[in-house]
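Peer 1: The sequence isn't on hand, but the structure is:
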């Protein structure tokens, strides 16, 4: 390859090119294809369905802190998905945001388009996965499921704290 | 209260206009700001208190300035919003809502909301020196541009209505025959658009990151510091106590507001850890707890904006700001442990 020529010419400076190319070749194609498939799929889900879902099933804790953050991130992507919180009860809004934003990065393992502006965690993590010849799906699903467990706990704790803070403020006002 | 007093005293000077020029390295043509009875608050959304730029604008316009991290401001009441966004999220949301946005960092439109960031509503790289009184009357009116867009939308919906009506007149048989072709072109259009968006975000977000990463890691090996790097990464992220300490440290409310901006520290740490794991210096299992430990502060900087997007009341915003900060502190250790256990269960 011609790269040998560059390598001889640059000497120790070649290390920069080597690392860049290894990232580009190892992680690049997977991210490009996954972004395209995911972008196509998330166009299939309509915004109104999610708002409807949030209104109907928003009172169930398991739905509110696991499925709803996932589906709103999947269909509406990172900054606009927090509008779904509008359809929830007032005391649940901060906790829903906490759950949704904490799921921003775990979701990228399977659905990178949901947070296409901030893929840095995925790139850093995919590099060893592919280089050590581990299963991408196993990694993606594990990251996704651990993320779901984490946001359920975080959402519940934040909801409890929000209620407590509101009560404290009402007491202070009286 | 206090705001209302300022308002009343400011009544005669309502016509003052402030011009904000583009700063060095910034983007945009510049903005003309003017108070109206509906829009009379300057919102400051910057880390570490109210930014001097916001203070100066408020002083020149003679209107109140509000720290949006502590108090809720209605979108309809904002004259403009001053923020320090180096990333993609905060910078796009306010232009999308058609609110004049002043970024004190020199950023140009990027991110998923880049199409909303136009010269009419956005200017960046602004310092105190770029904020001046406007000398002549100027007629770039914010309200007018709003009207124009709504008119355009009205026209669009009207034309689509008429096409639907004419479409209904077509024969059913013809529709049935052309349906496969219609479906194919419809689907292909979606796929093409999806590919376009993928390439766009790859070029604007992924490729620059890869270049930055390669220079960062390359410079470690260029100066023969690879041993030092792997030692640092091993002792901070290659064992459970190190990760737990890191998670708790990142989730302390004072830090989390600053670290949240662009998740800069977290992304560097994860990339370095990933590189070391790929070299075989650290076990793969540590990747999972590290992914959660370096990311406990995620979204803390975006919290006031997101809560105003979901129409929160002021009381809930104030309670929520505290609740999220303390919830991160409580859950950080639990999350890292869950991630470690989950990774063990998944068989890594």
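Peer 2: That came through fine. Bear in mind the structure is a predicted one, so any value in this text is a computation, not a measurement.

Peer 1: in chain A, which residue is closest to the centre?
Peer 2: Centroid-nearest residue in chain A: residue A:104, 2.6 Å away (criterion: CA atoms, centre = their mean).

Peer 1: any idea how far that one is from residue B:299?
Peer 2: 7 Å (CB to CB, to the nearest Å). C-beta coordinates here come from the backbone N, C-alpha and C atoms, glycine included.

Peer 1: do the same with residue A:64
Peer 2: 17 Å.

Peer 1: go on, residue B:131?
Peer 2: 30 Å.

Peer 1: Around residue A:11, how many other residues sit close by?
Peer 2: 8 (other CB atoms under 10 Å in any protein chain shown).

Peer 1: State whether it is indeed within a strand.
Peer 2: No: Residue A:11: not assigned to a strand; according to DSSP: H, G, I helix; E, B strand; the rest coil it is helix.

Peer 1: Just the pLDDT for it.
Peer 2: At residue A:11, the pLDDT value in this model is 79.

Peer 1: and if you look at the one 10 residues further on?
Peer 2: Reading off the confidence values, residue A:21 has pLDDT 91.

Peer 1: wait, what's in contact with it?
Peer 2: Not one residue lies near residue A:21 by CB atoms under 8 Å, 6 or more residues apart in numbering or on different chains.

Peer 1: any idea which element it lies in?
Peer 2: Taking DSSP states H and E as the criterion, residue A:21 maps to helix A:14-44.

Peer 1: That helix: how far from the chain's middle?
Peer 2: 16 Å (CA atoms, centre = their mean, to the nearest Å).

Peer 1: Next secondary structure after it?
Peer 2: By DSSP H and E, the next helix or strand past helix A:14-44 is helix A:47-57.

Peer 1: Could you confirm whether that next one reaches chain B?
Peer 2: No: under the criterion of CB under 8 Å from any CB of the partner chain, chain B is not reached by helix A:47-57; the shortest gap measures 10.3 Å.

Peer 1: Give me the distance from that helix to the chain's centre.
Peer 2: 20 Å.

Peer 1: do stretch A:146-156 as well
Peer 2: Distance, centroid of stretch A:146-156 to centroid of chain: 13 Å (CA atoms, centre = their mean).

Peer 1: who touches the residue nearest to the centre of chain A in this structure?
Peer 2: A:73, A:78, A:114-115, A:118, B:298-299.

Peer 1: ok, 6 Å please
Peer 2: Applying CB atoms under 6 Å, 6 or more residues apart in numbering or on different chains, we find residue A:104 in contact with residue A:115.

Peer 1: And it, what's its pLDDT?
Peer 2: Taking residue A:104 on its own, its pLDDT is 89.

Peer 1: And for the one 3 residues further on?
Peer 2: pLDDT recorded at residue A:107 is 92.

Peer 1: Go ahead and confirm it touches residue A:73.
Peer 2: Yes: with contacts counted by CB atoms under 6 Å, residue A:107 reaches residue A:73, the gap being 5.4 Å.

Peer 1: Residues that sit against both of these two, list them.
Peer 2: residue A:114.

Peer 1: Show me where chain A dips below the pLDDT cut-off.
Peer 2: A:1 (pLDDT under 70).

Peer 1: where does the stretch 151-300 of chain B have low pLDDT?
Peer 2: B:151-171, B:256-263.

Peer 1: State the three-state secondary structure for the residue nearest to the centre of chain A.
Peer 2: Classified using three-state DSSP, residue A:104 is coil.

Peer 1: got the phi/psi numbers for it?
Peer 2: phi -50, psi -40 (degrees, to the nearest 10).

Peer 1: and if you look at residue B:308?
Peer 2: phi -70, psi -30.

Peer 1: Tell me the gap between the helix or strand where residue A:150 lies and the middle of its chain.
Peer 2: Counting by DSSP H and E, the element that carries residue A:150 is helix A:136-173. Distance of helix A:136-173 from the chain centroid (CA atoms, centre = their mean) equals 15 Å.

Peer 1: any idea how chain B splits into domains?
Peer 2: Taking automatic domain parsing as the criterion, chain B consists of the domains B:2-138, B:225-346.

Peer 1: Select, out of those domains, the one closest to chain A.
Peer 2: domain B:225-346 (2.9 Å; CB to the nearest CB).

Peer 1: And residue A:6, how close does it get to residue B:211?
Peer 2: 17 Å.

Peer 1: What of residue A:108?
Peer 2: From residue A:108 to residue B:211 the distance is 20 Å (CB to CB).

Peer 1: pretty sure residue B:83 is touching residue B:44, no?
Peer 2: No: taking CB under 6 Å as the definition, residue B:83 is not a contact partner of residue B:44, at 7.9 Å.

Peer 1: Could you check which of the two has the larger neighbour count?
Peer 2: A count of neighbours by other CB under 10 Å puts residue B:44 above the other of residue B:83 and residue B:44, at 28 against 25.

Peer 1: what is that one paired to in the beta sheet?
Peer 2: For residue B:44, the beta-bridge partners under DSSP bridges are residue B:67, residue B:82.
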